[in-house]
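sequence? don't have it. structure:
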């Protein structure tokens, strides 16, 4: 009898990049664990569902995975908004859920069955605010955030708090909505405000178009964002326009740590030469953290598994060491990526 | 002042695309008295034809750009005729509500076929036309914006000519006025309706390519939002009225841009729709629409 692990992800739709990369990480980890003999003498089996990046769909598929597939735990999601949809369902059913990359603090505040293996936005906002002050030497910035996205609004708020406290000035704040494609109006206003840099805590789909349109309007200052920028499509859509821009994320495949190098090599072999992104690495780590908790719990019972997950301490992974804190969050270093010559380059790491 | 002019230009280039899509809604409504919801998905197909054409023709050339535009318009004109023939013609004479629901069905079908054949991931759109940016008195003008405005104006005049000066255009107007009387004087209504669909769908395809040129990321659901806005524009201008659709599109584009650039960017859709309600309160048939009493 295999142990069924559930996964919901945005495998198709607007943010398919998030779902595809995390899913590839999850599958790789699962295959490795099974090849090494499984967990508690049983193989792991993955039941996964696609939420199509659609609002409301994550709740539906989470219910299905719990009720029909009888999963012992849920892995998902990369987006905070979609994780917040499924979290109350997992909590109510007493099925532990591990979000690989949802960074909004509210996700794990849903209840004591909700965990994550990544840092949270108050930290990411602080890192980027300090980066703007110290590395970009910016004193006057603009914020462009998505009004219909929990992640974007949260990150904008945390960034603003630190940046203002550090003596910076937010000259203007503009909003857009998910799925928007025209940002020229907001960018024209940002340009008129005369800022030194622009913070865009959005997802790659919008952010790439924002930077392109900014360059067409003659706005040449650096743009920078959070881990929502992490996807290959960012550079495919944004191209040259992104040169001189930065974003913070969880992982860099350029990291020379042997653990990371080994993971990158295995991932490339499994997925036809594809280079793992941050969400691949976090999906991979989420499965290993779950397997470790299953072993320590010695059972698949929801409550005992929850306790084991909460007790996770100094578990080594490819995105750093995972220790689950009392708020069920992990505290990890942030990596800042610089976009140069149409490529994503490692810039620096900021420890918590 | 520079900022105002820049925003005005941004608004016009956005409004021009809304206008192109709105024309298709309004023409079909004028002739058949129903909203063709599949129109916004024909717009999407147009953009994808442009995407695949981008591989066949060289990028950054005018002939390549216009070849892609022409091909997309031709493919979508055929698609429009096929949709009408298979989905709407069998329902001719049925209640308008039935046709409306069929239209929603066709829209969903096209969206899902698009996801099946093209994949659901957004793709970068090739630069079909030569792309440069001019600075004119502090205002940044991208060549794509000029292409959008130029192509829209050209198509508007061509459409105006077809509807007002040609035989088929006269027939379209006759069918719109009174289908039964039109068939009594020897007009083949089916041909006129097919032609209307071909024309409207070709305009949607042009809109799709122009939209994708300016916002170079395309996916099978890309038509939903602009389609909704264009529908609003058509109602705003007076549905069934061709100059009204163009005016409504422009107005919506400009208002949306100015709201987006202001302090109230959060409420842009609320403001756009509040404007629609306000206009309809004072002019229930839209800005240029004629108010007709339904006789029972």
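That came in fine, so what should we check first? Since the structure is predicted, the reported quantities are computational estimates derived from the model, not experimental observations.

Low-confidence stretches in the stretch 151-300 of chain A?
In the predicted model of the stretch 151-300 of chain A, no residue satisfies pLDDT under 70.

which residue ranges form the strands in it?
Listed in chain order, the strands of the stretch 151-300 of chain A (DSSP state E, counting those that start in this stretch) span A:169-176, A:197-199, A:223-225, A:245-249.

Then the stretch 51-200 of chain B?
Counting by DSSP E, counting those that start in this stretch, the stretch 51-200 of chain B has these strands, from start to end: B:123-124, B:133-136, B:139-142.

quick one: buried residues of stretch B:168-188?
Buried residues in stretch B:168-188, counted by 16 or more other C-beta atoms under 10 Å in any protein chain shown: B:169, B:171-172, B:174-176, B:179, B:182, B:187. Using the backbone N, CA and C atoms, a C-beta is placed for each residue, glycine as well.

let me fix that: stretch A:212-220
Residues of stretch A:212-220 classed as buried under the neighbour-count rule (16+ other C-beta under 10 Å) are A:212-217, A:219.

which of those lies closest to residue A:331?
Each of the buried residues of stretch A:212-220 was checked against residue A:331 using C-beta to C-beta; the closest is residue A:214, at 33.7 Å.

ok, the residue lying closest to that closest one once chain neighbours are set aside - contacts?
In space, and not counting its chain neighbours, residue A:214 is closest to residue A:187: 5.0 Å by C-beta to C-beta, 6 or more residues apart in numbering or on different chains. By C-beta atoms under 8 Å, 6 or more residues apart in numbering or on different chains, the residues touching residue A:187 are A:144, A:210, A:213-214, A:217, A:219.

swap in residue A:319?
By C-beta under 8 Å, 6+ apart, residue A:319 lies in contact with A:117-118, A:250-251, A:278, A:281-282, A:285, A:332.

Please indicate which of those has the highest neighbour count?
Within the contacts of residue A:319, residue A:282 tops the neighbour count with 33 neighbours, counted by other C-beta atoms under 10 Å in any protein chain shown.

doesn't residue A:98 make contact with that residue?
No: taking contacts as C-beta atoms under 8 Å, residue A:282 lies outside contact range of residue A:98: 9.7 Å.

where do the contact lists of those two overlap?
In contact with both residue A:282 and residue A:98: residue A:117, using C-beta under 8 Å, 6+ apart.

Name the nearest of the buried residues of stretch A:212-220 relative to residue A:78.
Residue A:78 lies nearest to residue A:212 out of the buried residues of stretch A:212-220, by C-beta to C-beta, at 23.4 Å.

mind checking how far the residue nearest the centre of chain A is from residue A:343?
Nearest to the geometric centre of chain A sits residue A:101, at 3.3 Å (C-alpha atoms, centre = their mean). In this view, residue A:101 and residue A:343 are 22 Å apart by C-beta to C-beta, to the nearest Å.

Contact residues of chain A facing chain B?
Contact residues (C-beta under 8 Å from any C-beta of the partner chain) of chain A with chain B: A:12-14, A:16-17, A:20, A:52-53, A:147, A:174-177, A:179-186, A:188-189, A:191-192, A:205, A:208-209, A:212, A:216-218, A:233, A:236-237, A:239.

for the stretch 151-300 of chain A, what spans make up the helices?
Taking DSSP state H, counting those that start in this stretch as the test, the helices found in the stretch 151-300 of chain A are A:184-192, A:204-216, A:232-238, A:258-270, A:278-297.

Please apply the same query to the stretch 1-150 of chain A.
In the stretch 1-150 of chain A, the segments counted as helices under DSSP H, counting those that start in this stretch are A:16-35, A:57-67, A:80-93, A:106-109, A:121-134, A:150-165.

Kindly spell out which helices and strands sit in contact with the first one.
The elements that helix A:16-35 packs onto, with contact taken as 3 or more C-beta pairs under 8 Å, 6 or more residues apart in numbering or on different chains; DSSP states H and E, are strand A:3-9, strand A:44-50, helix A:258-270, helix A:278-297.

could you give the angle of it to helix A:204-216?
Helix A:16-35 runs at 140 degrees relative to helix A:204-216, counting by axes from the mean of the first three to the mean of the last three C-alpha atoms, to 10 degrees.

Quick check: buried residues in helix A:16-35?
Judged by neighbour count using 16+ other C-beta under 10 Å, the buried positions of helix A:16-35 are A:16-30, A:32-34.

Let me know the angle separating that helix from strand A:3-9.
Using the same axes, to 10 degrees, the inter-axis angle of helix A:16-35 relative to strand A:3-9 is 170 degrees.

Off-centre distance for helix A:16-35?
With C-alpha atoms, centre = their mean, to the nearest Å as the basis, helix A:16-35 stands 15 Å off its chain's centre.

Setting aside sequence neighbours, what's the nearest residue to residue A:76?
With sequence-adjacent residues excluded and distances taken as C-beta to C-beta, 6+ apart, residue A:76 is closest to residue A:8, at 4.2 Å.

and what of residue A:42?
Excluding the flanking residues, the one nearest residue A:42 by C-beta to C-beta, 6+ apart is residue A:3, at 5.1 Å.

I'd like to know how far residue A:30 sits from residue A:285.
Distance check for residue A:30 against residue A:285: by C-beta to C-beta, it reads 13 Å.

Same question for residue A:2.
21 Å.

what's the answer for residue B:190, then?
63 Å.

Same question for residue A:224.
Using C-beta to C-beta, residue A:224 is found at 25 Å from residue A:285.

before we move on, what about residue B:160?
62 Å.

so residue A:285 sits right up against residue A:100, yeah?
Yes: with contact defined as C-beta under 8 Å, residue A:285 counts as touching residue A:100 (7.3 Å).

shared neighbours, the two?
Common neighbours of residue A:285 and residue A:100 (C-beta under 8 Å, 6+ apart) are A:25, A:117.

so residue B:173 makes contact with residue B:165?
No: shown here, residue B:173 and residue B:165 do not form a contact pair, counting by C-beta under 8 Å, at 11.2 Å.

Excluding chain neighbours, give the residue nearest to whichever residue of the stretch 1-150 of chain B sits closest to chain A in space.
Using C-beta to the nearest C-beta, the closest approach of the stretch 1-150 of chain B to chain A is made by residue B:120 at 3.5 Å. Leaving aside its chain neighbours, residue B:120 sits nearest to residue A:12 (3.5 Å; criterion: C-beta to C-beta, 6+ apart).

so what's that neighbour up against?
By C-beta under 8 Å, 6+ apart, the residues touching residue A:12 are A:19, A:50, A:52-53, B:115, B:119-121.
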